[in-house]
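Colleague: Pasted the sequence and its predicted model underneath.
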Amino acid sequence: MKKAGILGGTFNPPHFGHLIMANEAFHSLGLDEVRFMPNAIAPHKEVQGVDAAQRLKMTQLAIEGFPQFRIEDFEITEGGVSYTYNTVSALMAREPETEFYFIIGGDSIADLNSWHRIHELANIVQFVGIGRPGYDTSTDFPIMMIDSPEMHLSSTMLRERVAAARPLTFFVPEKVEAYIRKERLYESEQDASDS
């Protein structure tokens, strides 16, 4: 069986915290790859100021040069509200030879009770949890926790930095920052919280 991790999210914008999470899961679990999967419409977050194509492009730029990472554009191609249960079910049907691991941060662990069909989802995919500062990772759901450096870094903070004309150096890959500047993303951010 091929072992694939999936790291989903808005990636608005993607940052080094996402790359570190994915890399730690890749090595800790002996995965064959980690797929970065931007969602089309997030069920729990409002995305303003950028469209799905721009978030996909930033994510592609963020993982360039890392052969263990690839893009999974399933949710953006499908469109509509991106429910993880529906996505994982479809990926499993498409790739029966692949064992999937769904990677989530501490903020998502705290919110699992609100996820669509969460009990069924927890029965069909292995959740992999990575702690984030300030979030309680205790849960009744079966989550495999792995150790990873914890960073106080969020997409919300990065959008606020852009709006305040502050640099993103050491927070996002250079190509991501160049794209944000070229497209003039987030320059007048009316914050819609997400990470």
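Modeller: All right, it came through fine.
Colleague: helices and strands around the lengthiest helix in the chain, which ones?
Modeller: For the chain, the helix that runs over the most residues, judged by DSSP state H, is helix 16-29. Helix 16-29 sits against strand 2-9, strand 33-38, helix 52-63, strand 98-105, strand 126-130, strand 143-146, with contacts defined as 3 or more Cβ pairs under 8 Å, 6 or more residues apart in numbering; DSSP states H and E. Placement of C-beta: from N, CA and C, glycine included.
Colleague: Can you say which of these is packed in most?
Modeller: Among the helices and strands packed on helix 16-29, strand 33-38 has the highest mean neighbour count (mean count of other Cβ atoms under 10 Å), at a mean of 24.
Colleague: Return it as PDB; C-alpha atoms alone will do.
Modeller: Coordinates of each C-alpha in strand 33-38 appear next as PDB, following Å, rounded to 0.1, in the frame of the first residue of the first chain:
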ATOM      1  CA  GLU A  33       4.300  11.700  -0.100                       C
ATOM      2  CA  VAL A  34       2.300  14.500   1.500                       C
ATOM      3  CA  ARG A  35      -0.400  16.200  -0.600                       C
ATOM      4  CA  PHE A  36      -1.300  19.800   0.000                       C
ATOM      5  CA  MET A  37      -5.000  20.100  -0.600                       C
ATOM      6  CA  PRO A  38      -6.500  23.700  -0.800                       C
END
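Colleague: and the angle for that strand with strand 2-9?
Modeller: 30 degrees (axes from the mean of the first three to the mean of the last three Cα atoms, to 10 degrees).
Colleague: could you give the mean pLDDT of strand 33-38?
Modeller: Strand 33-38 shows a mean pLDDT of 98.
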